[in-house]
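Visitor: could you work out the structure for the sequence below:
(3 chains)
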Amino acid sequence: MANHDIHLTVRKGTVHALVGENGAGKSTLMKILYGMQKPDEGTITIDGEQVSLHSPADAITRGIGMVHQHFMLADNLTVLENVVLGSEKLYGIGAKARRKITEISDRYGLGVRPDVLVEELGVAARQRVEILKVLYRGATTLILDEPTAVLVPQEVDALFANLRELKSEGLSVIFISHKLGEVLSVADEITVIRRGTTVGTAVPSETTPRQLAEMMVGSELPTPETAESTVTDRPVITVDKLRLQAPGGKALLDDITFTIHAGEVLGIAGVEGNGQTELVDALIGLRHADSGTITLAEEEITGWHTRKRREQGVGYIPEDRHRHGLLLEAPLWENRILGHVTEKPNAKGVWLDPKAAQEDTRRIVEAYDVRTPGIDVTAASLSGGNQQKLIVGREMSHKPRFLIAAHPTRGVDVGAQAAIWDHIREARREGLAVLLISADLDELIGLSDTLRVIYNGRLVADADPATITPEELGSAMTGAATGHLEHEETPENSADVSKSPESPEDEAR
Amino acid sequence: MKKFDKERVLLAVAGPVIALAVAFVLSAIVLIASGKNPVEPFAVMFEQAGFSDIQVLIINQASMYYIAALAVAIGFRMNLFNIGVDGQYQLGAMLAAIVGAHMNLPAVIQIPLLLLTAIFTGAFWAGIAGVLKVTRGVSEVVATIMLNAIATSVIGYLWLPTVFGVKVGNNNTTGEMHSSGWIPGIDMGPAGEIYGLVVLAVLLGIGYWVVLNRTRFGFDLRASGASETAAAASGVDPKRMTLTAMLISGAIAGLAGLPILLGDTHTYSLNFPTGIGFLGIGIALLGRNSPVGIAFAALLWAWLDKASPELDFHGYDKEIAVIMQGLIVLSVVVSYEAVREWGLRRQQRRVGAELAAGHVLGAHNTKEVAGR
Amino acid sequence: MRRVSRIAVAGAATASLALALSACGGTSTQSSSAESKGDKGLAIAYDVGGKGDQSFNDAAYAGLEQAKKEFKYETADIEPTEGETDADKAQRLASLAKQGYNPVIGVGYAYAPAVKEVAEKYPDTTFGIVDDAQVQADNVADLVFNEEQASYLAGVAAAKSTKTNVVGFVGGVDIPLIHKFQAGFEQGVKATNPKVKVLSQYLTQTAEEGGFASPDKGKTAAEGQIEKKADVVYAAAGLSGQGVIEAAAANKVWAIGVDSDQYKQEALAKYKDSILTSATKDVAKAVYSLAKSVEEGKPETGIVRGDLKTGEVGLANSNPKFADNAELQEAIATAKEKIISGEIKVKSS
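Guide: Model prediction:
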């Protein structure tokens, strides 16, 4: 049972935030509200009328619309075409529809241009198209699933301005997020879900992020440890003038040069789509560099294929664990073998050793607190956080020298996030070199020893995580600043930092 | 753990059972609609399964279906659709027949030679599609369909009297093979003979299971089928795996015609059974790509084939068996997908419930992270 | 544990199968012998294509009908399944013989190995096989035809009728049996007028691909030949021949039919004015004769050949335009005499 005894009341003209650990049941609740799943018991009431929603179409006619975490837009169509797709009956597909779109856009300050191709739009603009799409279909209640996960801080502010606009027009918004600071800054009311049930509500003005986090996990949070530098002068991975081209010859990565030493975490900041994925692919060997070299310790590994790299101590926490890190329909113990099929304890010569692999899976499940009733359940039946803990456990079990950690805590709840950070810190103390890529700037700043900013396939700036703020990093990520970023000690800025609901301590601990 | 095991068995059996039940019911409806007794044909066919000579026919036929279905299944396991099994086995059998007619070595060398001929022919033919796929991105579906057509022409060419053909009356053959290459059958008295190579089919089934479930290579292959991206990230070279899987599929396919060739006909003639490769697709589907499942599916198919001719003597059209085979394939596709989704959802719910009830493997964890 | 149980299931399945084998000792033919022997006569087992092909198999059925009417006994006709093996064919024949049918005729050379095997087991039953002369046994009659002789005459007719000096041949499947039609036809054309060009084409390589059962393929092939100026097309392609005739009628050129007198067939009545003649092969008569010989207690045995002399192959004379063309008829009559007398030897491949 994923949900039970859920009570949620959303008032007209408010932003209502829904927070909870991953696997707490937020997604299930949303699916029920959006008609994708049917509740076993209980009722849903809209405007005083009890309704039963059988499908998203039902939900839409009742005025409930959903903006998914992953955008559902066709790249090669224009905004107008994307918006009318599937709702041709509402306002046709021509001038009337265009007028309607412009009208909605102006009314809520969305700034959407109907005739641009979606592929030309940035992430934030696409999100606004998604919102407009839902409004176009007549939604009066919007569900936003982790809308800020893909945005830089400036874009988050813009989104929140849009949301305030919406609620002033009398619409309701249900806002799902992990980022407690954001929740507190935008929501009028907060409902906390834990283990499938609502455990309480909070009013932002009377709550701190820390209290909220404790409500979510149901106990006190551990106090933050002070991270002392473990950086050594022994280079583990050296990348020199790496270049990667798209089939047309356009550079996806160019002149990438960096060195990570034993015990060092190098953080890469950047707006998604600026070459992070390609960099990770080149390092793990899924793509081969067009020029430049990659050196692991003393050995050049540029020409090695993926398996050899992994055998030689390159660990990999992929950005998209469903696509690159797991076999969703295979049992946990087979997922423990994935990526390390040639290594002990998974194999003896050319033969698999299922017994030893199962034994070791049990060990990982215990050591990394993977919450599962057994190791024979499929990976798909675990929550995102537990899946990620399994992956981290698997990769750490092979004593990597170099770990590629792409968004290691994306979509992971607060508790699991802390655990994963602990594991990374611990391994770092023992001399692990880590390349950390994350859209969560607090995570980057809090965990990294060195920071670089990637923009358009190049490393354009570097910064000291001890002094930099997310806002400063954010502007470099949009290409506005290059070179070494110095933190400017202005009163305005420091005020910002102290007010920032997401200072590393709050978020991390 | 026990509970999940039972769950798995239930899920594995539910799909085929539902599919078969639906197919039987729909066939009965077809019979009723055409104004016939909906029960008697099945009674007749079940009765046939009791006769020993029919059983021999069923087992012999099933051995060929089984090998062909294994060839298809190995492709399915990594999301390759080898429709070319039909051409591969016919070509494999024909070349084995030709070699068997022109070489005369002691049986201990002759028989392995014939098997290898068939294996390499099948692998070569499938390999063409594999190479086209990895180097040129040609869909293996299209390539193997084309190769089937080409195989037919190649066979027609090899049948020319000026090449390897020997005309026997109005029939094209490849001449009779030397008896050192014949494989003796298991004599069942008046019921006939079970092909000796039925044993090969069983061995292939065991080998298939061992390789897939107990070797590193098998794991890589299954991983590629389950998620191409995850497999690539785990270190599998997708192109090499595609080519290898295609070659293995073709190699097994090459053997599919040998039970009857070495056990009965001893020549490749116009009478040689065709279409086994296509039937193998449905059988692999019904057997869920598992060696045991395919064995049952192959026997079921062979039973429908061998028991249905009797219907003609009872005033029914034996095409009812063909209708049933079609209905089975249709309902299998639907029911498997439904059962799979149902199973996934059910497991997710159970995991959630068990976790809520506190049945957690890591519960004794001393390292209380976040105090949960 | 799970592995073990799976293997156990497999083992149990195998064992139960083995048990079933040894337990059910009876064979299906033993059991059906219990059924009434009754008054059973002729039974035929069809070739690929089966009943309704308007040609070869239907001709066999016509013979069966005639025997049934005349001898007033029970008959049977059974169709094959696709992709079947020799063992299946043997099963079918044995089943018929065991039930008391006599004679049992396999229509088509594909039945040769089966007839050979089953004839040994049932020495008291007379077996017939159409289009094959390989089986030598006392109780087997090989019903074969000199199709090339009729085709030779068809070639004479084509060569005399063409105005463009191009004629076409459409074979159903590229197999030795159909090569006989082509060889005779080409020889007949060349002997009559060496300047006439023969376009030859086969629809498919194997029967499974539908060479004998696809009028659309026949139509396409004939249209291609007509485009290349052919104005007489000869089809030896079973049901596919209908497509050839249809194409000929649409383009106002001559078609020559095969096996039966296709001018008289109802299904082709629309096109009959375009059917010059048909090279007939009287399977019906051969089948009937064998049944009659069995009924009279003097069963035919060995090779029973139908040729121009016996009249079981020949040219149909139903189309008045063909029958009234004196010059044409004279040429055909001359050729026929020469073949019967042995002056002309017609090649069969």
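Visitor: rest of the way, CA atoms for contacts and neighbours
Guide: Fine.
Visitor: all strands for the stretch 201-350 of chain A, in order.
Guide: A:235-245, A:251-261, A:265-269, A:291-296, A:299-300, A:314-317, A:347-348 (DSSP state E, counting those that start in this stretch).
Visitor: kindly reformat those as JSON lines containing distance to B:Gly196, mean pLDDT and mean neighbour count.
Guide: Shown next, in JSON lines, are these (distance: least, Cα to Cα, whole Å; pLDDT from 0 to 100; neighbours: other Cα atoms under 10 Å in any protein chain shown):
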{"stretch": "strand A:235-245", "distance to B:Gly196": "57", "mean pLDDT": "87", "mean neighbour count": "20"}
{"stretch": "strand A:251-261", "distance to B:Gly196": "60", "mean pLDDT": "87", "mean neighbour count": "20"}
{"stretch": "strand A:265-269", "distance to B:Gly196": "65", "mean pLDDT": "89", "mean neighbour count": "26"}
{"stretch": "strand A:291-296", "distance to B:Gly196": "56", "mean pLDDT": "87", "mean neighbour count": "18"}
{"stretch": "strand A:299-300", "distance to B:Gly196": "55", "mean pLDDT": "86", "mean neighbour count": "12"}
{"stretch": "strand A:314-317", "distance to B:Gly196": "51", "mean pLDDT": "90", "mean neighbour count": "26"}
{"stretch": "strand A:347-348", "distance to B:Gly196": "35", "mean pLDDT": "84", "mean neighbour count": "18"}
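Visitor: burial of the closest residue to A:Val412 other than its chain neighbours, as a residue count?
Guide: Spatial nearest neighbour of A:Val412, chain neighbours left out: A:Gly385 (4.5 Å); criterion: Cα to Cα, 6 or more residues apart in numbering or on different chains. A:Gly385: 25 surrounding residues under other Cα atoms under 10 Å in any protein chain shown.
Visitor: A helix includes A:Gly385, no?
Guide: Yes. The assignment for A:Gly385 (DSSP: H, G, I helix; E, B strand; the rest coil) places it in a helix.
Visitor: that one reaches A:Ala418, doesn't it?
Guide: No. Between A:Gly385 and A:Ala418 there is no contact under Cα atoms under 8 Å: 11.0 Å.
Visitor: got any ranges where the chain has weak pLDDT?
Guide: Defaulting to chain A. For chain A, applying pLDDT under 70 flags the ranges A:1-4, A:21-25, A:178, A:195, A:217-228, A:487-509.
Visitor: switch to chain C, please.
Guide: Across chain C (using pLDDT under 70), the flagged ranges come out as C:1-39, C:48-50, C:52-54.
Visitor: quick one: the strands in it?
Guide: C:40-45, C:74-78, C:104-106, C:127-130, C:140-145, C:166-173, C:197-204, C:232-236, C:254-259, C:275-281, C:302-306, C:313-315 (DSSP state E).
Visitor: buried ones in the second one, by neighbour count?
Guide: Going back to what we said before, that points to strand C:74-78. Across strand C:74-78, burial judged by 16 or more other Cα atoms under 10 Å in any protein chain shown covers C:Thr75, C:Ala76, C:Asp77, C:Ile78.
Visitor: quick one: residues contacting the first one.
Guide: Which is C:Thr75. C:Lys40, C:Gly41, C:Leu42, C:Ala43, C:Leu64, C:Lys68, C:Tyr101 (Cα atoms under 8 Å, 6 or more residues apart in numbering or on different chains).
Visitor: quick one: contacts for the first one?
Guide: What that stands for is C:Lys40. C:Lys40 is in contact with C:Tyr73, C:Glu74, C:Thr75, C:Gly100, C:Tyr101, C:Asn102, counting by Cα under 8 Å, 6+ apart.
Visitor: any idea which of those is closest to chain B?
Guide: C:Thr75 (11.2 Å; Cα to the nearest Cα).
Visitor: ok, that closest one to C:Glu296 distance?
Guide: 17 Å (Cα to Cα, to the nearest Å).
Visitor: what of A:Gly249?
Guide: Using Cα to Cα, A:Gly249 is found at 90 Å from C:Glu296.
Visitor: rewinding a little: with respect to A:His324, which of the strands of the stretch 201-350 of chain A lies nearest?
Guide: strand A:314-317 (8.8 Å; Cα to Cα).
Visitor: out of the contacts of C:Thr75, who's nearest A:Ala202?
Guide: Among the contacts of C:Thr75, and counting by Cα to Cα, the member closest to A:Ala202 is C:Ala43, at 89.9 Å.
Visitor: that closest one is in contact with C:Leu96, isn't it?
Guide: Yes. If you go by Cα under 8 Å, C:Ala43 and C:Leu96 touch, sitting 7.1 Å apart.
Visitor: list residues touching both of these two?
Guide: Shared contacts of C:Ala43 and C:Leu96, counting by Cα under 8 Å, 6+ apart, come down to C:Val104.
Visitor: give me the most central residue, chain C.
Guide: Closest residue to the average C-alpha location of chain C: C:Phe56 at 3.9 Å, with Cα atoms, centre = their mean.
Visitor: that residue against C:Ala237, yeah?
Guide: No. Counting by Cα under 8 Å, C:Ala237 is not a contact partner of C:Phe56; they are 9.7 Å apart.
Visitor: residue closest to the middle of chain B?
Guide: Most central in chain B (Cα atoms, centre = their mean) works out to B:Ala69, at 0.6 Å.
Visitor: relative to chain B, how far out is C:Val196?
Guide: 27 Å (Cα to the nearest Cα, to the nearest Å).
Visitor: run through the residues that contact the closest residue to C:Ile245 other than its chain neighbours.
Guide: In this structure, C:Ile245 finds its nearest non-sequential neighbour in C:Ala255, 5.6 Å apart by Cα to Cα, 6+ apart. By Cα under 8 Å, 6+ apart, C:Ala255 lies in contact with C:Val232, C:Val233, C:Tyr234, C:Ala235, C:Val244, C:Ile245, C:Ala248, C:Ala249, C:Ser274, C:Ile275, C:Leu276, C:Thr277.
Visitor: neighbour count for these - can I get that in CSV?
Guide: What follows is these, written out as CSV (neighbours: other Cα atoms under 10 Å in any protein chain shown):
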residue, neighbour count
C:Val232, 32
C:Val233, 31
C:Tyr234, 33
C:Ala235, 31
C:Val244, 30
C:Ile245, 29
C:Ala248, 27
C:Ala249, 18
C:Ser274, 23
C:Ile275, 29
C:Leu276, 29
C:Thr277, 28
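Visitor: and those, which is closest to chain B?
Guide: Of all the contacts of C:Ala255, chain B sits closest to C:Ala235, with 18.6 Å by Cα to the nearest Cα.
Visitor: that closest one: what's it in contact with?
Guide: Contacts of C:Ala235 (Cα under 8 Å, 6+ apart): C:Phe169, C:Val170, C:Gly171, C:Gly172, C:Gly241, C:Val244, C:Ile245, C:Ala255, C:Ile256, C:Gly257, C:Val258.
Visitor: surely the fourth one is in contact with C:Ala237?
Guide: Which is C:Gly172. Yes. Using Cα under 8 Å, C:Gly172 is in contact with C:Ala237, at 3.7 Å.
Visitor: shared neighbours, these two?
Guide: With Cα under 8 Å, 6+ apart as the test, C:Gly172 and C:Ala237 both reach C:Gly211, C:Phe212, C:Gly218.
Visitor: what is the neighbour count of the second one?
Guide: The one in question is C:Phe212. Applying other Cα under 10 Å, we find 27 residues neighbouring C:Phe212.
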